[in-house]
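Colleague: Sequence first, predicted coordinates after that:
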Amino acid sequence: MDNSHIPQTLPRYSATFDPHTLSEIRRAAATGIYDIRGGGTKRSLPHFDDLLFLGASVSRYPLEGYREKCATDVWLGTRFAKKPIHLKTPVTIAGMSFGALSAQAKEALGRGATLAGTSTTTGDGGMTPEERGQSQTLIYQYLPSRYGMNPDDIRKADAIEVVIGQGAKPGGGGMLLGQKISDRVAAMRTLPKGIDQRSACRHPDWTGPDDLEIKIEELREITDWEKPIYVKVGATRPYYDVALAVKSGADVVVLDGMQGGTAATQEVFIEHVGIPILAAIRPAVQALQDLGMHRKVQLIVSGGIRNGADVAKALALGADAVAIGTAALIALGDNDPHHEPEYQALGTTAGAYDDWHEGKDPAGITTQDPILSARLDPVAAGRRLANYLAVLTLEAQTIARACGKSHLHNLEPEDLVALTIEAAAMARVPLAGTNWIPGQQF
Amino acid sequence: MPAFDLAVTTRRELNAALHALPANTNETHWHVANPEGAHALAAGVNAPVTIEIDGHAGYYCAGMNQLATVIVNGNVGVGVAENMMSGRVHVKGDASQAAGATAHGGLLVIDGNASARCGISMKGVDIVVKGSIGPMSAFMAQAGNLVVLGDAGEALGDSLYETRIFVRGAVKSLGADCIEKELRPEHEEILTKLLLDAGVEGVSPQEFRRYGSARGLYNFHVDNASAY
């Protein structure tokens, strides 16, 4: 019988065992090692896109664009530090290490941040002269590994950020594989060249909030109580973590959601540990409010900030500032389609490249290869970052003016509604068109 | 000789005065009375002076020390000489956990015992403990020398990098990738110098056994997965 005229059912992939999952099973079976990559979560999550602003109308009036002032500045570290930080924009640059990034990329981040009037941050590898030299305001991270940590650099810093965790891998330590441990990186970290560096997940000389309080006290003593002390946590239990950071004496709390990137860690860690930033901000703000410390201890949030709307939404939910990492690298030139043939040669495509740990970045950003690094012009890349930061700030201002606010910090949860029940519950704002906030009593 | 009595003045005043010292100061010998276990005493000093603390100090005594000699006539809390860069810290009594943690340089001498995690993540400091050390000491230790005249607790040198460990007494157990190594003449030279610097007399370098990294975990290999 001729069945050639019978229509064929199209091949159908399993939603559970989708092609990516199948490829990962095959890769794991072939190698016996978990997948390591850079960046943040790639899965779809409740995010700022699920919120909308209620612009002004009859009940509220807007501010005139370009003519009426909408301030964007922010003070950080006003609780205890003799020298708090004043930034022109609430968009800061998150901590990223020299080692994970090239010296040129670190310099470009400093240049861009300085042009925009904001701060940049060191990472798990110490402070480079290029970075300090080009950064008007530089935050010095104090990490469990203490690679390159020294009091001279602490004195050069404008603030100290005690890193307890990050959103991409809360509870995990650093990872920098041998391909990126060049002579300079090895010397700064006091490690043999070419080894896989897996830094500790807990600080070596304190455990728990009572010890952290004493550690912060020591850092304040060493810096004569001049510099703000930040405490950075990955978003997991934000209410308690923020409350304990405040109790420990932090001037500023940095809260990083699971969309925040990492230089390298296990894929399973990135995708399955931690919570989205949207779910973390309100509990964190609630902790500050319950302690009477909202706006006294500043809150910086990060993880998936892409545009001025995200900035405005984070601030409306109660943050004082935001930090960007992945977006800053894109602005520098990471994953640019210009390098598409080289991305394809690496088995990927522009926009999806995340093997940052391998040090083969065609854009010269996540590498220590001198030839690749030299491709990144720190001056031009810094300009691109400054332009991008300006756009984020202008976009946030546009929204704030539309909501009738003369300062970005005047945005409030009442300016927001949610598109989904999940986002309404997480952000604690009403589902659009209703007065229903899931989980709250009427 | 400048003297601070912490019963009547504050730690902040003491540390501020020490931080204000110029490198060529004539005020080279400082005395601190009644420390009463205060934390961060003489932390962040960057001058070639001697600071003598009469009594027990709390956490992070002489933290991040540069150039100074700090003598504690008593016991110290967690993290004595943490992240020290240079200089000398001498504890006449016992030390709590994480003594010399992450320190890059200088000499830490502990006349008594040191608790858990002594020399954790040390990055070039020399540590001489005349008594015994607790468990998980020299965890992820990167560089420098840890000399122990007494015994060592469990999991000595776990995930060790390039720190040399010398123990005269018994070692309860070695951590992952830490092995006993041959004590060669160059190591005896190091020991002779460190024992002399620490004021130890009548002890021969040959009484020690040397421990170091097997370097088996330096680059991931699936066959070593059980050690991770």
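Modeller: In hand now; what should we look at? Numbering: from 1, shown residues only, chains lettered A, B, ... in the order given.
Colleague: which one's the longest helix in the chain?
Modeller: The chain I'm using is chain A. Ranked by residue count under DSSP state H, the longest helix found in chain A is helix A:378-402.
Colleague: other chain: chain B
Modeller: Looking only at chain B and at elements set by DSSP H, the helix with the highest residue count is helix B:185-197.
Colleague: could you point out which element follows that one?
Modeller: Using DSSP states H and E, the next helix or strand after helix B:185-197 towards the C-terminus is strand B:209-213.
Colleague: what packs against the stretch of helix or strand A:Leu219 belongs to?
Modeller: Using DSSP H and E, A:Leu219 falls within helix A:208-222. The helices and strands touching helix A:208-222, judged by 3 or more C-beta pairs under 8 Å, 6 or more residues apart in numbering or on different chains; DSSP states H and E, are helix A:151-156, strand A:159-163, strand A:229-234, helix A:238-247, helix B:11-19. C-beta: built from backbone N, CA, C; applies to glycine.
Colleague: Not counting its own residues, what contacts that helix?
Modeller: Residues external to helix A:208-222 that are found in contact with it (C-beta atoms under 8 Å, 6 or more residues apart in numbering or on different chains): A:80, A:142, A:151, A:154, A:160, A:162, A:164, A:203, A:205-206, A:227, A:229, A:231, A:244-245, A:247-250, B:11-12, B:15, B:39-40, B:43-44, B:58-60, B:63-64, B:78.
Colleague: ok, back up a step: pull out the buried positions in the longest helix of chain A.
Modeller: Counting neighbours by 16 or more other C-beta atoms under 10 Å in any protein chain shown, one finds that the buried residues in helix A:378-402 are A:378, A:381-386, A:388-390, A:392-393, A:395-402.
Colleague: That helix packs against which elements?
Modeller: Other helices and strands packing on helix A:378-402, by 3+ C-beta pairs under 8 Å, 6+ apart, are strand A:91-93, helix A:103-116, helix A:129-134, helix A:308-316, helix A:326-332.
Colleague: Figure out how far the helix or strand that contains A:Ala30 is from the centre of its chain.
Modeller: Taking DSSP H and E as the definition, one finds A:Ala30 inside helix A:19-31. Taking the mean of its C-alpha atoms, helix A:19-31 sits 29 Å from the chain's own mean (C-alpha atoms, centre = their mean, to the nearest Å).
Colleague: Name the next helix or strand following that helix along the chain.
Modeller: Going C-terminal from helix A:19-31, and assigning secondary structure by DSSP H and E, you next hit strand A:36-39.
Colleague: Spell out whether that following strand and chain B are in contact.
Modeller: No - with C-beta under 8 Å from any C-beta of the partner chain as the measure, strand A:36-39 is seen stopping short of chain B, the closest distance being 9.2 Å.
Colleague: Could you list the buried residues of that strand?
Modeller: When neighbours are counted by 16+ other C-beta under 10 Å, the buried residues of strand A:36-39 are found to be A:36-39.
Colleague: residue in chain B nearest to chain A?
Modeller: Nearest to chain A, among the residues of chain B, is B:Gly44, at 3.3 Å (C-beta to the nearest C-beta).
Colleague: tell me the contacts of that residue?
Modeller: By C-beta under 8 Å, 6+ apart, the neighbours of B:Gly44 are A:151, A:221-223, B:15, B:18-19, B:63-65.
Colleague: Need the max-distance pair from those residues.
Modeller: By the measure C-beta to C-beta, these have their two most distant members at A:Thr223 and B:Asn65, which lie 14.9 Å apart.
Colleague: Please tell me how far the closest residue to A:Asp183 other than its chain neighbours sits from chain B.
Modeller: The shortest distance from A:Asp183 to any residue that is not its chain neighbour, by C-beta to C-beta, 6 or more residues apart in numbering or on different chains, is 5.9 Å, and that residue is A:Lys193. Taking C-beta to the nearest C-beta, to the nearest Å as the measure, A:Lys193 and chain B are separated by 10 Å.
Colleague: Burial check on the closest residue to B:Gly44 other than its chain neighbours, number of neighbours?
Modeller: In space, and not counting its chain neighbours, B:Gly44 is closest to A:Ile222: 3.3 Å by C-beta to C-beta, 6+ apart. Close neighbours of A:Ile222, defined as other C-beta atoms under 10 Å in any protein chain shown, add up to 24.
Colleague: With the one 4 residues further on instead?
Modeller: Other residues within reach of A:Glu226 by the criterion other C-beta under 10 Å amount to 14.
Colleague: could you measure A:Asn410 against B:Gly153, distance?
Modeller: The spacing between A:Asn410 and B:Gly153, counted by C-beta to C-beta, to the nearest Å, is 57 Å.
Colleague: Of those two, which one has the most company?
Modeller: It is B:Gly153, of A:Asn410 and B:Gly153, that has more neighbours when counted by other C-beta under 10 Å, with 20 against 15.
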